[in-house]
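Chemist: Take this sequence and fold it.
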Amino acid sequence: VQATNGRPVNFKGNAYIRIGSYKKKLSDHPERERVIWTQSGSYSFEKEICSYQLTPKVVLEHIDWVSLYTLLELPIPADDKSILDRLVQEKILQKNGGNFDITNLGVILFAKDITQFDDLSKKAIRVIFYNGKNKNETLHEQAGIKGYANGFQKLIVYLERFLPSKEVIENALRKSVPAYPSIALRELIANALIHQDFSIRGTSPMIEVYSNRIEITNPGSPLIDPDRFVDHPPQSRNELMAGFMRRLKICEQRGSGYVKVAIECEKNRLPAPEIIVDDNYTRVILYAPQSFKDLSKADKVRGCYIHSCVKYVSGEQMTNQSLRERFGVPENEYTAISNVITQATEAGFIKLSDPNNTSKRYAKYVPYWA
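Modeler: Predicted coordinates:
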C-alpha cells in the first residue's frame, strides 16, 4: 500500500493508518488525521523515494548518469564518488547511510529501464500508430522503457520515422518534409510529460497517431484555462521536473511553448490544435493539413481565436487580411473569412479592439480576454 498523499487511505469505507507496525483505524486517532490533511499541500511527487537502500554500484546500473552529464554538457568525472555526489545534488538520489535512495524524479527522468521500478513502470510513455481514423486496427505500438529525459530524443526520432511527410518546392528543388512540424511535436509532448498528474494511477502519457491527426494525452486536468494556454504565465504541478527539463533544453518554462505550437501550425497551414479536458486527462489534438473548405465550422472558429491570440501576444491585432493569410485564402474570399470572424465574435472568442470602428474591412480584433 502506497504512503498516503493528501487524504487518508480507505478500505471498505474505513480509513486506516499505520502506527509503528500496527494498522489502526484513523477514527481512533483524530490528531493523526489532522496531520494528513495539513500536509497535503506540501506533497511533492518528485521528492518521494522510489527505491530504498541501494548500493552505489546498483544505483549507477539503474540510473543513466551518462545521459545526465551529456544533456547538461558537463565533463564526465573519472571517479564514481563525484558522479554520485552530482546525482545527490540534482535530487536524483538521497544519501542513506552508506547507500542511496532513488527519488521519483531520478527514475522518471533518467531510468535506464523504468519497468524495473514497479511503482513507476506504468508511467512510461506509450506510442500507438493506427491504420485509419479510428482505433479499429493497430499498426504498431511501443511503450518506452527509458526515462523522459534520456529517452526524449529517441522518442521524437521514432515518431518522425513513421509519421507521414509532404513534398514542397524549395529553391526549385522538390523535397520531402514532415507533415507535422517537429517543434510543435516536441513542445506538446514535453508539456504532456511535465504537466501530468502523477497521483492518478494506472495511466500514463500517450501518443496516438491516426491517418488524419495525432492525439497527445496526459493524466490530469490542467491548472489553467485551456483557452489561456497561449498567453498565461507558466504553472506546473511538477516544478522540479519542469525546471530540470528546462535546464536540459527539452522544454521551456517561460510559457512560450504553446505559442510556438500555434505559430508552427499557422506557418504550416495546419488546423489549429484542439484541447480536450476531462477530470482525469488532458488531450491535445494536432490535425493533418486540410484546405479551408474542408475545415468544419468549429475548426475555423478555433483557428480564428488562436490566430487572434498569436497576434495579440506578438503586439499586433488580427484583421480579415491576416486571417486570410493564416488560412491561405485568396482575397476574393474576403466574405468567407468575414463569416468566420462573425461566428467567432458571436461565440464570444474574439471582440473588436475598437468598438467604435464601423468598417468591417479595416476592423481589428483581439481575444475576448484582452
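Chemist: who's in contact with the longest helix along the chain?
Modeler: Of all segments of type helix in the chain, defined using DSSP state H, the longest is helix 297-313. Contact with helix 297-313 is made by 227, 230-231, 259, 262-263, 265-266, 271-274, 287, 290, 292, 295, 317-318, 322-323, 326-327, 340-341, 343-344, 347, 349-350, 365-367, 370, as judged by Cβ atoms under 8 Å, 6 or more residues apart in numbering. The way it works is simple: take the backbone N, C-alpha and C, and place the C-beta from them, glycine included.
Chemist: what does stretch 329-336 give?
Modeler: By Cβ under 8 Å, 6+ apart, stretch 329-336 touches 292, 320, 324, 337, 361.
Chemist: how much space between Ile102 and Arg247?
Modeler: 19 Å (Cβ to Cβ, to the nearest Å).
Chemist: Revised request: answer the last question for His62.
Modeler: Taken as Cβ to Cβ, the span from His62 to Arg247 is 22 Å.
Chemist: The two - which one has more neighbours?
Modeler: The residue with more neighbours, out of His62 and Arg247, is His62; 21 against 14, by other Cβ atoms under 10 Å.
Chemist: Let me see the contact set for the more buried one.
Modeler: 51, 54, 102, 111-113, 116.
Chemist: Show me the two of those that sit farthest apart.
Modeler: Farthest pair in the contacts of His62 (Cβ to Cβ) is Leu54 and Asp113. Separation: 14.4 Å.
Chemist: Looking at the two, which one has more neighbours?
Modeler: Legend: neighbour count by other Cβ under 10 Å for Leu54 and Asp113, higher for Leu54 (18 against 14).
Chemist: any idea of the mean pLDDT for stretch 326-344?
Modeler: Model confidence over stretch 326-344 averages 94 on the pLDDT scale.
Chemist: That stretch: which residues count as buried?
Modeler: Buried residues in stretch 326-344, counted by 16 or more other Cβ atoms under 10 Å: 326-327, 329, 337-338, 340-341, 343-344.
Chemist: what's the closest of those residues to Asp278?
Modeler: Nearest member of these to Asp278, counting by Cβ to Cβ, is Ala344, at 24.6 Å.
Chemist: Is the closest one located within a helix, as I assumed?
Modeler: Yes - assessed by DSSP: H, G, I helix; E, B strand; the rest coil, Ala344 belongs to a helix.
Chemist: gap between it and Pro330?
Modeler: 20 Å.
Chemist: And Ser165, by the same measure?
Modeler: 26 Å.
Chemist: ditto for Ile125
Modeler: When Cβ to Cβ is the yardstick, Ile125 and Pro330 sit 42 Å from each other.
Chemist: Could you do Arg247 as well?
Modeler: Distance check for Arg247 against Pro330: by Cβ to Cβ, it reads 46 Å.
Chemist: what do you get for Ala288?
Modeler: Counting by Cβ to Cβ - Ala288 and Pro330 are separated by 22 Å.
Chemist: got it, and Asp225?
Modeler: 35 Å.
Chemist: Equivalent analysis for Gln153, please.
Modeler: Taking Cβ to Cβ, one finds Gln153 at 40 Å from Pro330.
Chemist: Pro233 too?
Modeler: Applying Cβ to Cβ to Pro233 and Pro330 gives a distance of 38 Å.
Chemist: that older thread, can I have the buried ones of the contacts of helix 297-313 as a ChimeraX selection?
Modeler: Per 16+ other Cβ under 10 Å, the buried members of the contacts of helix 297-313 correspond to this ChimeraX selection:
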select :227,230,231,259,262,263,265,266,271,272,273,274,287,292,295,317,318,322,323,326,327,340,341,343,344,349,350,365,366,367
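Chemist: and the contacts of helix 297-313, which of them are in strands?
Modeler: Counting by DSSP state E, these place 274, 287, 350, 365-367 in strands.
Chemist: Could you work out the most separated pair of these?
Modeler: Maximum distance among these (Cβ to Cβ): 25.0 Å, for Tyr287 and Val366.
Chemist: So what's the residue count around Asn136?
Modeler: 8.
Chemist: need the contact list for it.
Modeler: Tyr130 are the contacts of Asn136 under Cβ under 8 Å, 6+ apart.
Chemist: what does the model give it for pLDDT?
Modeler: 95.
Chemist: how much space between it and Arg213?
Modeler: Distance from Asn136 to Arg213, by Cβ to Cβ: 15 Å.
Chemist: Lys95 too?
Modeler: 47 Å.
Chemist: More neighbours: which of those two?
Modeler: Shown here are Lys95 and Arg213; by other Cβ under 10 Å, Arg213 has more neighbours (16 against 11).
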